[in-house]
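Novice: Could you work out the structure for the sequence below:
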Amino acid sequence: MIDWLQHSTPGLLTLAVVSIAVLLLLIIKFKVEPFIALIVVALLVALAAGVPTETLVGSAQKASDSLLEKGFGSILGHIAAIIGLGTLLGAILEASGGAQVLMDKLMQAFGEKKAPVAIGLAGLIFGVPVFFDIGIFVLAPLVYVAAKRSGKSIVLFSMPLLAGLSVMHAFMPPHPGPVAAAGLLKVSLGWIIIMGLAVAIPSWFVGGVLYSYWIGKRINVPVPEEMLVAAEAARTENGDREPPSLGLVLSIIGLPLVLILAGTFGSILLQKGSRPYSIATFFGTPAVALTISVLLAFWLLGFRRGMTREKIAELSGASLKPVAMILLVVGAGGFFGAVLAATGIGKTLAGELSGIGLPVIALAYVISCVIRIAQGSATVAIVTTAGIVAPVLADLNYSQPQLALVVMSIAAGSIIASHVNDGGFWIVSRYFGLSVKETLQSWTVLETILSVVGFVVAALLSLVV
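Specialist: The predicted structure is shown next:
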């Protein structure tokens, strides 16, 4: 039995299926923290597959070469600085009033008749550096006011915003999901940005514009009075503060993206070893690009506009607290992926897939969808799926654009069918005054549309790159 489990194709495939089932059972049934569940399952899989203890955890004298430390360290070394810096950038943009400026200018440009599109674009742009839930917290009061002025359902205005924030959070750096998947699959963030925009914008248009206008006319939910009071309080609180210019806000949001893309294309177009190549590589390194943007934001949006050092320090500390759990989950996912590679499960899966002709991009999407629907966390879905497919991709010689599209399919699967086991479901319900039924009819369907369109676009692009 043990020999069958460790050395036969059916045994290794059984081990892979059982490991995912146990992982979901620990998270869903026993409410174990995802990062602990990932560590436990990875250890059990390694032991069941016959990985030597010294290889798995090292020894008392030396553990640096172990799967445990290498699995954690290889991925966290790639993403920890990026996620931390991205979080700081979003925090200072939010605190400076940049969202209000962005929304006001878009509303002026589009007018009241197309206010939902303007709000959606604000979510799309502001969603680049800001986490999904923070984006809702900052922009929701502006949605309340727009819905009240028009006399129409809050659903018509909230869904485009949510679509913009959601697709950016799912597909674009520096958000944890795409950054983690890029690290696990060894993809340049420049290609993630390119493919992320290519997938996110069509998804937002179909879900955030076409579907949102349709559902907004069918679910009539007036803005609750207490939400208008909260919006007025937020407006009053920021009323004495001089807002930054739109150009400054867009420049700070766009600068790291431009630098990273310059580094990516510089590595292709410039002569390796030349000074321009070295400059492009240095400034295009994601951690360097984000550090530059964060320092500029601290100076231009913070100190120059009256923020004290104490306020900046308080803002930084508060914004970084939620990052710890994200990094732990991603690190444990890296360990899980390293175990799957070391046990030979990845190569077994690759052999089976080549035999039945199932594209990896489709497999990645299906696995991500199943894990997301089962346990609710998009981050867990992404890191688990990336860990499973990374060994499969190792021998396929995919190009960087092709690997980036696999990341997009994983990210698309991670947002499908948000329902009651997803914290985002309850945030949407609470902030926009929707009942559970109304949230399922609007938000859950919206997320499914964004997921399916994102995967379809990624799959179509994979045929031509």
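Novice: Helices of the stretch 1-150 of the chain, residue ranges please.
Specialist: 2-7, 9-28, 34-48, 53-57, 67-95, 98-110, 115-126, 132-150 (DSSP state H, counting those that start in this stretch).
Novice: Work out the gap between the fourth one and the centre of the chain.
Specialist: In other words, helix 53-57. Computed by CA atoms, centre = their mean, to the nearest Å, the separation of helix 53-57 from the middle of its chain amounts to 32 Å.
Novice: Now do that helix: which elements does it pack against?
Specialist: helix 34-48, helix 67-95 (3 or more CB pairs under 8 Å, 6 or more residues apart in numbering; DSSP states H and E). From N, CA and C alone the C-beta is placed, and that goes for glycine too.
Novice: The longest one: which residues count as buried?
Specialist: What that stands for is helix 67-95. For helix 67-95, the neighbour count (16 or more other CB atoms under 10 Å) marks 67-76, 78-95 as buried.
Novice: go on, stretch 27-35?
Specialist: In stretch 27-35, counting by 16+ other CB under 10 Å, buried: Ile27, Val32, Pro34, Phe35.
Novice: Likewise for stretch 310-327?
Specialist: Using 16+ other CB under 10 Å as the test for burial, stretch 310-327 gives Ile312, Leu315, Ser316, Ser319, Val323, Ile326, Leu327.
Novice: Same check on stretch 94-110?
Specialist: 94-103, 105-107, 110.
Novice: TSV for the helices and strands packed on helix 53-57, including distance to Thr308?
Specialist: Putting those into TSV (distance: least, CB to CB, whole Å) gives the following:
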stretch	distance to Thr308
helix 34-48	36
helix 67-95	12
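Novice: which residues does Ala163 contact?
Specialist: Gly120, Gly123, Ser203, Trp204, Gly207, Gly208, Val209, Ser212, Leu446, Leu450 (CB atoms under 8 Å, 6 or more residues apart in numbering).
Novice: how does it look with 6 Å?
Specialist: Contact analysis of Ala163 by CB atoms under 6 Å, 6 or more residues apart in numbering lists Trp204, Gly207, Gly208.
Novice: mind checking pLDDT for the residue lying farthest from the centre of the chain?
Specialist: Computed with CA atoms, centre = their mean, the residue of the chain farthest from its C-alpha average is Met1, at 40.6 Å. If you check Met1, the pLDDT there is 73.
Novice: So it versus Thr14, what's the distance?
Specialist: For Met1, the distance to Thr14 (CB to CB, to the nearest Å) stands at 11 Å.
Novice: Would you agree Pro286 is in contact with Leu189?
Specialist: Yes - between Pro286 and Leu189 a contact is recorded at 4.9 Å, counting by CB atoms under 6 Å.
Novice: Which neighbours do the two have in common?
Specialist: Ile260.
Novice: and these two? which has more neighbours close in?
Specialist: Leu189 (29 against 26; other CB atoms under 10 Å).
Novice: any idea how far that one lies from Phe171?
Specialist: 12 Å.
Novice: got it, and Leu295?
Specialist: 26 Å.
Novice: Neighbour count: the two, which is higher?
Specialist: Phe171 (30 against 12).
Novice: give me every residue that touches the more buried one.
Specialist: Pro178, Gly196, Val199, Ala200, Ala411.
Novice: out of the residues you listed, which are inside strands?
Specialist: For these, not one is inside strands, with DSSP state E as the criterion.
Novice: Looking at those, spot the one nearest Leu270.
Specialist: Gly196 (23.6 Å; CB to CB).
Novice: Quick check, that closest one in contact with Met172.
Specialist: Yes - at 4.3 Å, Gly196 and Met172 qualify as touching, with contact defined as CB under 6 Å.
Novice: what two of the buried residues of stretch 94-110 are the furthest from one another?
Specialist: Of all pairs in the buried residues of stretch 94-110, the most separated under CB to CB is Ala95 and Phe110 at 26.0 Å.
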